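Chemist: task: produce atomic coordinates for the following.
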Amino acid sequence: MSHGAHFLYVEDDSLSREVMQILLNEVIDAGSVTILPTSDNFIERVRQLEHLPDFILLDIYVEPVNGYDLLTQIRADSDFAHTKVIAVTASVMSTEVALLKAKGFDGAIAKPLDFATFPSLIHRIEAGEVIWQV
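Modeler: Next up is the predicted model:
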């Protein structure tokens with residue numbers, strides 16, 4: 001189902017980037033995948049991409065701008081009004097999940113990513129389902 005969808009992942013941990021690259025490109029066969037290793041100049045860098053993302057997967061504790069502040073930038077930009085933004089985080093305490101929801105994320109997926117369940121989560125998100133897999 002992912003053919004044609006453009007995914008953007010923002011993650012400063014190299015192992016997490018590698019795992020996501022494998023999952024999106026080899027397991028799910030996503031249409032296109034862009035992975036940014038830092039969050040600096042985020043909006044400007046995204047505008048330079050060939051295609052604006054359909055789905056943005058954000059590490060919450062990425063540097064130098066954290067995922068919460070990135071979400072604020074995304075939501076303030078009309079070009080991203082309909083872009084689904086999913087938190088990808090190892091912080092899965094109930095207080096953190098409540099904060100993710102309150103800030104306006106469209107869902108969350110816990111790290112470490114599970115190769116067995118991740119593809120179905122992405123397909124469900126693409127189908128418009130709200131996923132809080134934490």
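Chemist: show me where this structure has helices.
Modeler: In the chain, the helices defined using DSSP state H lie at 14-22, 42-47, 67-75, 94-103, 118-126.
Chemist: which among the ones you listed is found nearest to V85?
Modeler: Nearest of the helices of the chain to V85, taken as C-beta to C-beta: helix 67-75 at 5.7 Å. (Each C-beta comes from the backbone N, C-alpha and C, glycine too.)
Chemist: at the geometric centre of the chain, which residue do we find?
Modeler: Of all residues in the chain, the one closest to the mean position by C-alpha atoms, centre = their mean is L57, 0.4 Å from it.
Chemist: in the sheet, who's paired with it?
Modeler: For L57, the beta-bridge partners are Y9, I86 (DSSP bridges).
Chemist: test my guess that it contacts Y9.
Modeler: Yes - L57 is within contact range of Y9, at 4.4 Å (criterion: C-beta atoms under 8 Å).
Chemist: shared neighbours of those two, anything?
Modeler: Counting by C-beta atoms under 8 Å, 6 or more residues apart in numbering, the common neighbours of L57 and Y9 are M20, V88.
Chemist: what's around the closest residue in space to P53 that isn't next to it in sequence, how many residues?
Modeler: Computed as C-beta to C-beta, 6 or more residues apart in numbering, the closest residue to P53 that is not its neighbour in sequence is L8, at 3.7 Å. Residues contacting L8 under the criterion other C-beta atoms under 10 Å number 23.
Chemist: do you know the pLDDT at L8?
Modeler: What the model reports as pLDDT for L8 is 97.
Chemist: state the distance from it to V33.
Modeler: 8 Å (C-beta to C-beta, to the nearest Å).
Chemist: for G67, same thing?
Modeler: 18 Å.
Chemist: quick one, which of the two is more surrounded?
Modeler: A direct count of neighbours by other C-beta under 10 Å for G67 and V33 places G67 higher, at 25 against 19.
Chemist: ok, the more buried one touching I60?
Modeler: Yes - with contact defined as C-beta under 8 Å, G67 reaches I60; the gap is 3.9 Å.
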